[in-house]
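[1] my questions are about this predicted structure, shown below with the sequence.
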Amino acid sequence: MKAVDGLSPRSLWEHLREISRIPRCSGHESAVAGHIRDTAARLGLGARVDRAGNVIVKKPGVRGVPPVALQSHLDMVCEKSPGSPHDFMRDPIELVRDGRWIRAKDTSLGADNGIGVAAMLAIMTSENLPHPDLELVFTVEEETGLGGANSIEKGWIGSRTLVNLDSEEEGTLFVGCAGGMHTELSLEADFMSVPEGTSAVALSVSGLLGGHSGIDIHRGRPNAIKVLVRFLDAVFGAYDVHLADISGGTRHNAIPRDARAVCHVNPDDMEALHQEIAHWNGILKSEYDHVDDRCAIHMETPHVQASRVLVPQDARRIVDLLQALPHGPARFCSQWRDVVDTSTNLATCGFIGDILVVTTSQRGITPSAMHDIASQISSVGTLAGCTVNRGGAYPAWRPDPSSPILKACTEVYRGLTGKDPRVKVVHAGLECAVLGERIEGLDMISFGPTIEAAHSPDERVDIDSVARFWDFLTGLLTFLSRRPV
């Protein structure tokens, strides 16, 4: 992996290279956690692991000032391009330098939150950086519902100042975040034999930009499931289309990039369907030309013929359900300009046996508004005859304008750049929200380098922003070792 050779800060990039060789999908962080413990042991630093698998390393610093916790999560969202043979449980992430960016070959990069982890490892191994006593907190299963943070026991973190390194907009201090929840709809369907004389076709939308279901939800990017269902809704009334299967999306926190439906149609309708696809691709190009030029519908003959198709009324019910479910921002903040307050993501759909399972995720800075959009999802599901389950809830992190760590960060940033940082709330879940609930009196801030298209194979991190992020982080630690908050 020569992609990071010669980059600064050298130690941070070397640690990113090292952890990119280690599997760390959510729920499979044991190897990278072992790497953290081994590094601490080699340095003679104390490391503890809790029942959930979170790791905390303590590094002594300047005496007489309050300790500070640095926190990042070990796991990453593991996404790959269609057709990629990459095995996330075995193969290393292959880093690629692409101009001013570092990305990965055909997979998500894991800069979310690998840059934060690498920065903490660089601080752990540094020999001449002034800092207070540090608690380096590495959490697990952040990407699947903040599981590690939810499991941290009270008293496990002794610091009352916490710096989270899991943000993706360099030069911005985040002082609040959205809460979230999941709403799952299950619909039992009836099937019948494949009509005689029909032929199978596979309709697909693939390789879209997708992105993070919080940070990117306002960008107007197409949702592959919604695009595919929109086409199905149009052709169901005009042609004799028999739906056999439909699936799309991969994770609750990613905008679906891919969706696929297998149908049986009359051979006489094939040419007309090709013409319909060409017509709709023209519509999609017009709507998404400056947003996602990959947005298109494709039709091909599947390798395996369907063994059954849905009865017509249930096929129609499924298309109506997916067509009716909202996706995207529902409300913007009145206090924070251009910040989404509430949103919903139609995240995944697919059959488990005879049951179609649809997963949606809601985010909200205002809890009542988030629960309202979740209630709307539930109502749509109930009208379609679904069983509705809600879960995975985590709280919002409400901003504190008088935060001492915010004041310290602002002073350090101003000293480095000669200007004030941007101060924002983020429409995504940060572990600060959970940790703030579990640890009374915790003063928190979050920042990081510029990362784009997280949770997708297009994920990339700006090289120069990493250097500036490092300078700011180390400058803040030096400041706190001299003028504690």
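    That came through, no problem. Numbering: from 1, shown residues only.

[2] can you pull out the strands in the stretch 101-250 of the chain?
    Ranges of strands within the stretch 101-250 of the chain are 101-104, 134-139, 161-164, 172-177, 179-188, 191-192, 199-205, 242-248, based on DSSP state E, counting those that start in this stretch.

[3] just the buried positions in the fifth one, please.
    Of the residues in strand 179-188, those buried by neighbour count under the rule 16 or more other Cβ atoms under 10 Å are 179-185, 187. Any C-beta I mention is one placed from the backbone N, CA and C, and that applies to glycine too.

[4] what's the mean pLDDT across it?
    Model confidence over strand 179-188, given as mean pLDDT, is 96.

[5] cool, the second one as well?
    Confidence over strand 134-139 (mean pLDDT, whole number) is 98.

[6] ok, now the shortest one?
    For strand 191-192, mean pLDDT is 98.

[7] and that strand, what other elements does it pack with?
    Contact analysis of strand 191-192 by 3 or more Cβ pairs under 8 Å, 6 or more residues apart in numbering; DSSP states H and E lists strand 309-310 as its packing neighbours.

[8] before we move on, back to that, which among the buried residues of strand 179-188 gets closest to A315?
    L187 (11.5 Å; Cβ to Cβ).

[9] what helices and strands are in contact with the strand ranked longest in the chain?
    As assigned by DSSP state E, the longest strand anywhere in the chain is strand 340-352. Judged by 3+ Cβ pairs under 8 Å, 6+ apart, the packing partners of strand 340-352 are helix 224-236, strand 242-248, strand 328-332, strand 355-364, helix 367-383.

[10] make JSON lines from the ones you listed and add mean neighbour count to it.
    Formatted as JSON lines, those follow (neighbours: other Cβ atoms under 10 Å):
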{"stretch": "helix 224-236", "mean neighbour count": "21"}
{"stretch": "strand 242-248", "mean neighbour count": "22"}
{"stretch": "strand 328-332", "mean neighbour count": "17"}
{"stretch": "strand 355-364", "mean neighbour count": "24"}
{"stretch": "helix 367-383", "mean neighbour count": "17"}
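
[11] so which of those gets nearest E18?
    The nearest among those, by Cβ to Cβ, is strand 355-364 at 32.1 Å.

[12] for H371, which of the strands of the stretch 101-250 of the chain is the nearest?
    Nearest to H371, of all those, is strand 179-188, at 7.8 Å by Cβ to Cβ.

[13] okay, the angle between the closest one and strand 355-364?
    160 degrees (axes from the mean of the first three to the mean of the last three Cα atoms, to 10 degrees).

[14] can you list the helices and strands that strand 179-188 packs against?
    helix 312-324, strand 355-364, helix 367-383, strand 387-394.

[15] let's have these in JSON lines, adding distance to R221 and mean pLDDT.
    Compiled in JSON lines, those are given as follows (distance: least, Cβ to Cβ, whole Å; pLDDT from 0 to 100):
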{"stretch": "helix 312-324", "distance to R221": "18", "mean pLDDT": "98"}
{"stretch": "strand 355-364", "distance to R221": "16", "mean pLDDT": "97"}
{"stretch": "helix 367-383", "distance to R221": "19", "mean pLDDT": "96"}
{"stretch": "strand 387-394", "distance to R221": "23", "mean pLDDT": "92"}
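
[16] which stretch among those comes nearest V466?
    strand 355-364 (26.9 Å).

[17] that closest one pairs with which strands?
    Strand 355-364 pairs in its sheet with strand 179-188 (antiparallel), strand 340-352 (antiparallel), by DSSP bridges.

[18] and the angle from the shortest one to helix 367-383?
    For the pair strand 179-188 and helix 367-383, the angle between their directions (the same axes, to 10 degrees) equals 0 degrees.

[19] and the strands of the stretch 101-250 of the chain as TSV, adding distance to R337?
    Converted to TSV, the strands of the stretch 101-250 of the chain look like this (distance: least, Cβ to Cβ, whole Å):
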stretch	distance to R337
strand 101-104	28
strand 134-139	31
strand 161-164	23
strand 172-177	13
strand 179-188	21
strand 191-192	50
strand 199-205	33
strand 242-248	33
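
[20] which of these sits closest to W336?
    Comparing these by Cβ to Cβ, strand 172-177 comes nearest, at 8.3 Å.

[21] what angle separates that closest one from strand 387-394?
    130 degrees.

[22] which other helices and strands contact strand 172-177?
    helix 404-417, strand 422-426, strand 443-446.

[23] list the contacts of that strand.
    167, 365, 396-401, 403, 406, 409-410, 413, 421-430, 432-433, 444-447 (Cβ atoms under 8 Å, 6 or more residues apart in numbering).

[24] would you mind writing the CA trace of it as CSV?
    Only the C-alpha atoms of strand 172-177 are listed here, as CSV (Å, rounded to 0.1, in the frame of the first residue of the first chain):
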residue,chain,number,x,y,z
THR,A,172,-16.2,22.7,11.6
LEU,A,173,-16.9,22.1,15.3
PHE,A,174,-19.9,19.9,15.9
VAL,A,175,-21.8,20.6,19.1
GLY,A,176,-24.9,18.5,18.6
CYS,A,177,-26.4,15.7,16.5
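
[25] rewinding a little: quick one: which of the strands of the stretch 101-250 of the chain is nearest V62?
    strand 134-139 (10.3 Å).

[26] fine, thanks again, bye for now.
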